[in-house]
Each structure stands twice: as C-alpha cells, then as structure tokens.
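Asks: sequence? don't have it. structure:
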C-alpha cells in the first residue's frame with residue numbers, strides 16, 4: 001500500500017489507507033519547517049515519527065515501537081532535506097539517497113519507471129494508482145522551498161518589524177543599493193483607504209519602476225525579497 005514519489009522538486013503521495021478492509025482517505029506527506037516528510041506503513045507509528053521530526057529528530061527520543069515483534073520496521077519515514085532523501089525505518093540514523101528521484105510503497109516500481117521516463121512526481125503517483133489497487137483516493141503534493149524562497153521569507157519576516165514609511169524606506173534603500181539589482185526606483189505613498197494587509201502595502205509603498213525591476217505590479221514583501229536576494 002501507498003506510493004510516495006520525489007522528483008527532485010516535488011514530493012507527491014496517494015491518499016489511500018485501509019481500516020478493517022475499508023478504504024479510507026488520509027494525508028501521507030507533510031511540511032515541517034523547510035523539510036518535506038512522507039509516511040508509509042502503519043499510520044499510528046508514522047504519526048509518532050512525524051512528531052519526532054517536529055521536535056527536532058533527537059536520536060534519544062526516537063519512538064520505541066517503530067519495530068514490530070519480529071524486528072521489522074512498521075513504518076518508513078521519508079525526509080527531504082536540502083534536496084537529499086533521508087529514509088528512516090528502525091532507527092534514528094537514516095539511509096541517504098543521492099538519486100535524482102525516489103519512490104517508496106507498493107506503487108514504487110511504477111512511479112520510479114514513470115519518473116525515469118520524464119514524468120513528474122505527481123504524474124508518477126497517478127500512474128501507480130492506475131495499476132496498484134492499494135493506491136488511490138486522490139493525490140497530495142508539496143513543493144520544496146528553494147534557497148531564494150527561504151531568503152525571501154526571512155527578509156519579509158524581518159521587514160514586518162517596521163511600521164512606518166520612514167523606517168521602511170531607510171532599510172529598503174540600503175538593501176536595494178547593496179544588491180545593485182534595481183535602478184530608477186520610485187516610491188509611491190498610498191492613501192489609507194487603499195492600503196492592504198501586507199506589511200509593506202500597509203506602510204504605504206505601492207511599487208517601483210526601472211529597467212531592472214524583477215516584479216511587476218504591487219510592491220509586496222515576497223516580491224521585493226525575491227528580487228533583492230536572488
């Protein structure tokens with residue numbers, strides 16, 4: 001049962017599980033900070049392992065009931081970290097795979113063959129669901145954050161600390177000047193009735209102009225951060 005696939009950018013999984021012979025629908029992939037996490041196998045054990053990841057993956061706190069009475073792993077935990085595939089089964093020490101794509105679960109072989117032929121992770125899981133009766137009930141997918149996304153989020157979070165146009169203007173002029181990405185910057189102050197919930201828009205800045213601008217339209221936190229830090 002289960003098909004979880006990673007194509008180097010996206011983690012995808014089917015949603016089928018069984019309970020007393022009935023097909024049920026669950027979520028098998030999750031985002032924990034910058035990590036993408038997939039679970040295959042016993043659901044209760046998987047949720048315990050997911051909580052272990054959320055608490056920092058401290059080896060001493062690894063769930064004690066991951067193995068069954070015969071010593072076999074009851075769950076496979078897949079963690080995507082900085083593009084690498086880490087697979088935890090019976091211990092807090094993962095196997096690390098460097099292949100361009102990865103899949104696990106009963107639909108694994110179909111998914112790996114599909115990705116080898118150029119399909120995305122989602123398309124690979126769709127194909128697995130066509131042929132493996134243990135997979136189905138829909139598909140979830142999560143996209144890994146790029147380094148630029150991470151930097152943009154960090155800058156946007158930092159800029160939320162500034163509440164007035166003067167404060168923001170001083171900070172942003174310095175950042176933009178250092179980046180040397182923009183020229184002919186023009187600031188526009190919005191009337192209070194036109195301001196939106198975004199911190200930068202609320203402060204009164206609507207946009208900028210220039211041949212080197214990397215974002216059109218409203219001047220929003222994520223847009224300027226992505227441009228400044230790329």
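Replies: Great, that's in hand. Model, not experiment: these values are computed from the prediction. Numbering: from 1, shown residues only.
Asks: what's the neighbour count on residue 30?
Replies: Residue crowding around residue 30 was assessed by other CB atoms under 10 Å; the count is 19. C-beta: built from backbone N, CA, C; applies to glycine.
Asks: Wait, it touches residue 37, no?
Replies: Yes. Counting by CB atoms under 8 Å, residue 37 is a contact partner of residue 30 at 4.8 Å.
Asks: State the distance from residue 98 to residue 139.
Replies: Between residue 98 and residue 139 the computed distance is 26 Å (CB to CB, to the nearest Å).
Asks: about what we covered before: any common contacting residues for residue 30 and residue 37?
Replies: residue 50 (CB atoms under 8 Å, 6 or more residues apart in numbering).
Asks: So for residue 98 and residue 139, which residue has more residues nearby?
Replies: Under the neighbour definition other CB under 10 Å, residue 98 and residue 139 were set side by side, and residue 139 has more, 21 against 8.
Asks: and that one, what are its bridge partners?
Replies: Under DSSP bridges, the beta-bridge partners of residue 139 are residue 14.
Asks: Residue 37 too?
Replies: residue 30, residue 79.
Asks: same deal with residue 103?
Replies: Beta-bridge partners for residue 103, by DSSP bridges, are residue 5.
Asks: wait, doesn't it sit right on residue 116?
Replies: No. The pair residue 103 and residue 116 fails to qualify as a contact (CB under 8 Å) at a distance of 10.3 Å.
Asks: Among the two, which residue is more densely surrounded?
Replies: A direct count of neighbours by other CB under 10 Å for residue 103 and residue 116 places residue 103 higher, at 29 against 11.
Asks: for the more buried one, what are its contacts?
Replies: Going by CB under 8 Å, 6+ apart, residue 103 touches 3, 4, 5, 6, 109, 111, 112, 115, 124, 128.
Asks: if you set the cut-off to 7 Å instead, what comes out?
Replies: For residue 103, the contact set (CB atoms under 7 Å, 6 or more residues apart in numbering) comprises 3, 4, 5, 111, 112, 124.
Asks: Give the ChimeraX command for selecting the buried subset of the residues you listed.
Replies: Filtering the contacts of residue 103 down to the buried ones (16 or more other CB atoms under 10 Å) takes a single ChimeraX command:
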select :3,4,5,111,112,124
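Asks: Between the contacts of residue 103, which sits nearest residue 45?
Replies: residue 4 (15.4 Å; CB to CB).
Asks: Now do the closest one against residue 119, distance only.
Replies: Residue 4 is 15 Å from residue 119, where distance means CB to CB.
Asks: Let me see the domain layout of the protein.
Replies: 4-143, 147-229 (automatic domain parsing).
Asks: mean pLDDT lowest for which of those domains?
Replies: In terms of mean pLDDT, the lowest-scoring of the domains of the chain is domain 147-229 (a mean of 51).
Asks: helix or strand for residue 46, which one?
Replies: Here residue 46, judged by DSSP states H and E, is contained in helix 43-54.
Asks: Report all helices and strands that that helix contacts.
Replies: Under the contact criterion of 3 or more CB pairs under 7 Å, 6 or more residues apart in numbering; DSSP states H and E, helix 43-54 touches strand 29-32, strand 35-41, strand 75-81.
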